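A.B. asks: Coordinates only, no sequence provided:
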C-alpha cells in the first residue's frame, strides 16, 4: 500500500473523539496528523528503516504510559515511537508525548506539536490524558536524556519520579520501551549551553557531522511487557524510587540486550522483550 | 423570584432579563447606559451611586445577577478599575445589606490567562497565571477574586462566580464576535490556539440554571469542544490572515486596528480552555448548540462582509 494511503487510513482508524471538522476536544487535528505523520512515516520506513518489536505489549485501548529512553540530540526516538504506534498497531493509537515546555514559545513548533497531540509536560496534562484513556509517551530522563553524547547513547541518566506517581494514581500500566539508533542518527559531540540560552532553549546539541539534520542510521523500537504497580501515588519517596528503579532496570536490560545485538553479539535468552 | 440585574443594558444581560421575565420572574434592571423601551422595570443609574442602593432597598431582590463589568480594553485605566472593582464591591455590599439571598457574578474565563505553559484545561482552583504579561486584565481578575471572598465573608448570602468562556451568536456582541466581524481576521503567524466558545443562548441558560439551583461556589462555564482559531475563523466564513507577531503588534492602534495592549496578543497565541465539569455536575447543565451550530448562528446574522 502506498505510504500516504496507509497514513490516511491509520489516522481515520484512530479511536479518538474527532468532531465533524476532524478536531478532537484537545485540538488534535486529523489534517495535521495526516501531514505530520505522512512525513514521519517516510522517515520511519525509508530513512531510518525502523524495525519494531513487541508492539503487541501496548494495550489496544485504555490508558497506558509508554516509558522509554532518550538518545541523540533531537527527539527522533519520540517521533519513531509515535509513528510505530500509528502504523503498526491495530487499531492504530496516537501516542501523546509530554514535551518540554519551552517548545511552545516558538512559532509553528508549538502549533504543530499541539495539533498532533503532543502537549506540554505538565503533571496535570498527563493526568488528564490518562483519565481520558489516552496513550501517553514519557521520557523520564527529560532534557537531560537528549543531552547524552554519542558515547553515552546506550546509557541512562537519572529518571524523574513524577511519571511513576502518576501511574500509581491513575492505575495506568507502564509499557517500557527502548529506541536504539537515535544516537547514531544524531551523534552529539558537545552541547552548547550558552548559545542555547541565547535562543531560549536549554542547549543546542552539536552533531559530529556538523549539520543540524539526522543521519540515516538504522533505528529499532522495542516494546517490553507492561509493568503494573499497586498504590495511590501518595507513597513515600523511598517506595516510589524503588518502583522507578525497577522500571529503569527493565529499560536498562532491554537497552543492553539491544546494544549487544546491534554489535552482532548474540542475545542471552530471556532478556529480549 | 425577584431578580435585579446590574448592567442590564448590555446585549447579553438584555436577553437574560427577557428570558427570566418570560420564565415568570420579576426582573429589575439597572445600568448607567440607557435601555430605551425596556420590556422590564429599568433604572438608568450608576451601580456605584446612592440611587442604586436605594433601588436595592426598595425592591429587596431575592437574586442579583451582576453583569456590570467592562471587558472592552478600549475603556482603560482608572475608569475600568472603578467600574469593575468598585462596582462589584458596591453590588455585594448592597446585596448583603438588603436581604439578597443569592448573588451571581458573571465573570470570564480569561481570568486564567493565556501562556505557553498553561495546562490543557483550567480548573476552578487555579490562580490566574499570566497576569504579568497582560496587566490590563488585573481589574477583572481582582473583581472575580473579590466576588469570591463573599463566600466566606457573607456566609448567609449564596454567592456564585461564573467564569464563562467566549460567547458567540446572533447578537454579534462580545470579544470574540467583535474580533470575527471583518472579512479578514488577523492571526499570529505560527500560532493557532484552540478557542472555547458558547452560544449566547446557552450562556443565558447557564445563568438561569445557576439561579434556579442556587449553585454557590466558583464555576467554569463552557459547552462545546474548542476549535483551533484558524478553523473557527474559516468556519465563520472569514479569511484568516497570519501575520508575524511584530507586524500585528506594530499595527495596533493604527490603520483602523483597535489600540490594544500587546499582552492581548497572548490570547491569539495560546489557548485558554476551561474544565466545566463541576458546573455540569452541580446544575445538570448541557449546551443546546454544538460548536458548528454556534458558528452557524453567528454567520447567519453576520454573513461574510463583501
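C.D. replies: Here it is on my side, so go on. This one's a predicted model, so the numbers in the text were calculated from it and none came from an experiment.
A.B. asks: Please tell me how far residue B:171 sits from chain A.
C.D. replies: According to CB to the nearest CB, to the nearest Å, residue B:171 stands 24 Å off from chain A. Quick note: C-beta positions are derived from backbone N, CA and C, even for glycine.
A.B. asks: Leaving out sequence neighbours, find the closest residue to residue 225.
C.D. replies: I'll assume chain A. residue A:57 (5.6 Å; CB to CB, 6 or more residues apart in numbering or on different chains).
A.B. asks: my question was about chain B
C.D. replies: residue A:25 (4.3 Å).
A.B. asks: which ones are touching the residue in the stretch 51-200 of chain B that chain A sits nearest to?
C.D. replies: Relative to chain A, the nearest point of the stretch 51-200 of chain B is residue B:190 (2.3 Å; CB to the nearest CB). Residues in contact with residue B:190 (CB atoms under 8 Å, 6 or more residues apart in numbering or on different chains) are A:106, A:107, A:108, A:110, A:111, B:242.
A.B. asks: ok, the residue nearest to residue A:225 - how many residues close by?
C.D. replies: By other CB atoms under 10 Å in any protein chain shown, the residues close to residue A:57 number 18.
A.B. asks: For the residue nearest to the spatial centre of chain B, which residues are in contact?
C.D. replies: Centroid check for chain B by CA atoms, centre = their mean gives residue B:108 as the closest residue, at 4.4 Å. By CB under 8 Å, 6+ apart, residue B:108 lies in contact with B:71, B:140, B:163, B:164, B:165.
A.B. asks: Most neighbours of all the residues you listed, which one?
C.D. replies: residue B:164 (27 neighbours).
A.B. asks: ok, what's across the strand from that residue?
C.D. replies: residue B:108, residue B:221 (DSSP bridges).
A.B. asks: Touching, it and residue B:221? I think so.
C.D. replies: Yes: here residue B:164 reaches residue B:221: they are 4.4 Å apart, a contact under CB atoms under 8 Å.
A.B. asks: contacting residues around residue B:110?
C.D. replies: B:137, B:140, B:267, B:272.
A.B. asks: Could you rerun that using 7 Å?
C.D. replies: By CB atoms under 7 Å, 6 or more residues apart in numbering or on different chains, the contact list for residue B:110 reads B:137, B:267, B:272.
A.B. asks: Low-confidence stretches in the chain?
C.D. replies: By default, I'm working from chain A. Where chain A drops to pLDDT under 70, the residues are A:265-273.
A.B. asks: let's do chain B instead
C.D. replies: Along chain B, segments meeting pLDDT under 70 span B:256.
A.B. asks: got the residues of it near chain A?
C.D. replies: Within chain B, the positions adjacent to chain A are B:116-117, B:119-121, B:189-192, B:194, B:225-228, B:231, B:291-292 by CB under 7 Å from any CB of the partner chain.
A.B. asks: neighbours around residue 109, how many?
C.D. replies: The chain I'm using is chain A. 15.
A.B. asks: that's the other chain; I wanted chain B
C.D. replies: 22.
A.B. asks: Once you drop chain neighbours, what's closest to residue A:258?
C.D. replies: Per CB to CB, 6+ apart, closest to residue A:258 is residue A:180, 4.5 Å.
A.B. asks: what are the phi and psi values for the one you found?
C.D. replies: phi -110, psi 140 (degrees, to the nearest 10).
A.B. asks: ok, residue 216 - how many residues close by?
C.D. replies: With no chain named, the answer covers chain A. Neighbour count of residue A:216, defined by other CB under 10 Å: 13.
A.B. asks: my question was about chain B
C.D. replies: Around residue B:216 there are 19 residues (other CB under 10 Å).
A.B. asks: Whichever of the contacts of residue B:190 end up buried, select them in PyMOL.
C.D. replies: Entered in PyMOL, the line below selects the buried ones among the contacts of residue B:190, by 16 or more other CB atoms under 10 Å in any protein chain shown:
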select buried, (chain A and resi 106+110+111) or (chain B and resi 242)
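A.B. asks: Show me which of the contacts of residue B:190 is closest to residue A:99.
C.D. replies: residue A:110 (8.8 Å; CB to CB).
A.B. asks: contacts for the helix or strand hosting that closest one?
C.D. replies: Secondary structure assignment for residue A:110, by DSSP states H and E: helix A:109-115. With CB under 7 Å, 6+ apart as the contact definition, helix A:109-115 has outside contacts at A:27, A:28, A:29, A:32, A:36, A:99, A:103, A:104, B:116, B:190, B:191, B:192.
A.B. asks: contacting residues for the fifth one?
C.D. replies: For residue A:36, the contacting residues are A:112, A:116, taking CB under 7 Å, 6+ apart as the criterion.
A.B. asks: re the thing from before, the residue nearest to residue A:225 against residue A:224, yeah?
C.D. replies: Yes: assessed by CB atoms under 7 Å, residue A:57 is found in contact with residue A:224 at 6.2 Å.
A.B. asks: one step back: in PyMOL, how would I select just the buried ones from the residues of chain B next to chain A?
C.D. replies: The PyMOL command for the buried members of the residues of chain B next to chain A (criterion: 16+ other CB under 10 Å) is given here:
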select buried, chain B and resi 116+119+120+121+189+190+191+192+194+225+226+227+228+231+291
